[in-house]
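Trainee: heads up, no residue letters with this:
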């Protein structure tokens with residue numbers, strides 16, 4: 001749809017203001033009044049010509065939005081707008097894309113020039129920080145001719161609703177690193193394998209650099225050339241991402257909640273586990289039972305996990321770890337790696353849940369993943385000058401020390417622990433998974 005009413009430009013307002021000054025001056029100098037009257041007639045004529053240039057065709061400027069069927073939470077998502085100028089002259093265009101209210105971007109105007117008959121694509125990015133449905137509106141283009149006295153508004157109906165899913169872009173990025181053996185570029189450490197796993201793969205020819213201890217002497221004697229045993233990581237081990245949806249996960253960081261960081265990391269580690277031929281599963285919990293996706297490595301497993309994670313929301317009550325323990329005992333019969341994404345702010349909050357964590361760790365390899373308070377860390381690095389600042393820094397050091405105590409308390413009872421900043425959560429979780437695989441701990 002195209003609006004029929006012309007819009008006055010700032011250039012025209014400046015001309016009218018100048019003419020007003022001349023008319024006022026004409027009260028004292030009649031010559032200025034004559035100049036102002038002639039200028040007014042000229043401006044009116046130019047406005048009519050400008051309007052005819054802009055409104056003589058119905059097409060004018062066309063615009064079309066191109067974007068993915070779904071957006072990735074916490075990532076920069078690319079949006080393209082394709083523009084075409086049907087006029088025979090260059091136009092100055094102001095483009096306003098009606099963005100979802102979640103972005104709170106009401107003043108975003110993109111200015112560009114479009115030559116006669118030119119087709120151009122403008123690209124910008126959006127970073128959503130919460131999952132859910134996002135409603136995009138129309139594309140508004142205000143076009144002005146070289147005269148620039150009036151502008152014509154073109155409204156292109158491009159309304160659509162787009163879901164924002166957990167960070168599938170991050171998942172694909174780490175998958176690409178894993179497939180191309182470039183995980184080190186993403187900060188993933190290369191862990192030296194300790195000994196051999198029990199998974200025998202094949203007997204093959206010896207090549208320079210192979211460990212002499214892997215030589216198969218019987219096969220060597222049979223073939224007359226050196227042969228070695230090749231081992232691979234033990235496969236089909238179960239890896240569960242267990243995500244706490246209680247009130248402790250509502251804390252924000254860089255616009256996103258800790259729950260969303262945990263969801264994004266759980267999605268990535270599940271994909272890495274399946275890529276490593278393990279079986280990935282998911283459990284969510286709060287004060288009530290949550291969702292569960294049994295561990296599997298089918299081709300459709302990641303799609304199932306993604307759909308379940310899309311609908312998870314933080315609840316505002318304290319999570320029930322006894323309920324989690326019961327779910328794990330009933331539903332997970334085989335020893336598994338349990339990656340528990342949660343948050344403990346004080347040692348007392350851990351001690352309330354410690355009996356349940358110890359019970360889980362007695363049957364499974366449990367890794368508790370919780371978060372550093374980055375605001376406290378920044379406060380500790382600031383120079384202090386007043387008594388109040390010293391007091392605040394002492395309190396911050398107390399909380400930071402308590403976080404380190406929580407790690408030691410977990411390790412004391414056989415629970416692995418990861419204390420991480422939210423932005424490093426994914427990398428640190430993958431590093432721990434690869435470390436445990438290399439040690440044969442699972």
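Mentor: Yep, that arrived. These numbers come from a predicted model, not from an experiment.
Trainee: Residue 285 is in contact with residue 327, isn't it?
Mentor: Yes - using Cβ atoms under 8 Å, residue 285 is in contact with residue 327, at 6.9 Å. All C-beta atoms are positioned from the backbone trio N, CA, C, and that covers glycine.
Trainee: More neighbours: which of those two?
Mentor: residue 285 (25 against 17; other Cβ atoms under 10 Å).
Trainee: if I look at the more buried one, how far off is residue 295?
Mentor: 16 Å (Cβ to Cβ, to the nearest Å).
Trainee: Ok, residue 265 next?
Mentor: To residue 295, residue 265 is 17 Å away according to Cβ to Cβ.
Trainee: who's more crowded, the two?
Mentor: Shown here are residue 265 and residue 295; by other Cβ under 10 Å, residue 265 has more neighbours (28 against 25).
Trainee: Spell out the secondary structure type for that one.
Mentor: Classification of residue 265 using DSSP: H, G, I helix; E, B strand; the rest coil returns helix.
Trainee: my guess is it contacts residue 424, does it?
Mentor: No - between residue 265 and residue 424 there is no contact under Cβ under 8 Å: 9.8 Å.
Trainee: So for the helix or strand hosting residue 151, what gets flagged as buried?
Mentor: Per DSSP states H and E, residue 151 falls inside strand 150-156. For strand 150-156, a neighbour-count test (16 or more other Cβ atoms under 10 Å) marks 150-156 as buried.
Trainee: Stretch 35-44 too?
Mentor: By 16+ other Cβ under 10 Å, the buried positions in stretch 35-44 come out as 36, 39-40, 43.
Trainee: pLDDT score for the spatially most central residue of the chain?
Mentor: Nearest to the geometric centre of the chain sits residue 74, at 2.0 Å (Cα atoms, centre = their mean). Looking at residue 74, its pLDDT reads 93.
Trainee: same check, this time on residue 7
Mentor: 69.
Trainee: same thing with residue 197?
Mentor: Predicted confidence (pLDDT) for residue 197: 48.
Trainee: in the stretch 1-150 of the chain, which ranges drop under the pLDDT threshold?
Mentor: 1-8 (pLDDT under 70).
Trainee: can you give me the strands for it?
Mentor: Along the stretch 1-150 of the chain, counting by DSSP state E, counting those that start in this stretch, strands occupy 7-8, 61-66, 71-72, 77-85, 91-97, 110-114, 119-126, 132-136, 139-144, 150-156.
Trainee: Can you tell me what sits against the second one?
Mentor: So the one you mean is strand 61-66. Residues outside strand 61-66 that contact it (Cβ atoms under 8 Å, 6 or more residues apart in numbering) are 79-87, 91, 93, 95, 97, 114, 136, 139, 141, 143, 154, 156, 158, 160.
Trainee: and if we set it to 7 Å?
Mentor: Here strand 61-66 makes contact (Cβ atoms under 7 Å, 6 or more residues apart in numbering) with 79-85, 91, 93, 97, 139, 141, 143, 154, 156, 158.
Trainee: Is residue 248 in a helix, a strand, or coil?
Mentor: Under three-state DSSP, the three-state class of residue 248 is helix.
Trainee: again, but for residue 230
Mentor: With three-state DSSP as the basis, residue 230 sits in strand.
Trainee: how much space between it and residue 240?
Mentor: Residue 230 is 29 Å from residue 240, by Cβ to Cβ.
Trainee: How about residue 24?
Mentor: 80 Å.
Trainee: Compare neighbour counts for these two and give me the winner.
Mentor: residue 240 (26 against 12).
Trainee: give the contact list for the closest residue to that one other than its chain neighbours.
Mentor: What sits nearest to residue 240 in space, not counting adjacent residues and going by Cβ to Cβ, 6 or more residues apart in numbering, is residue 281, at 4.5 Å. Residue 281 makes contact with 238, 240, 293-295, according to Cβ under 7 Å, 6+ apart.
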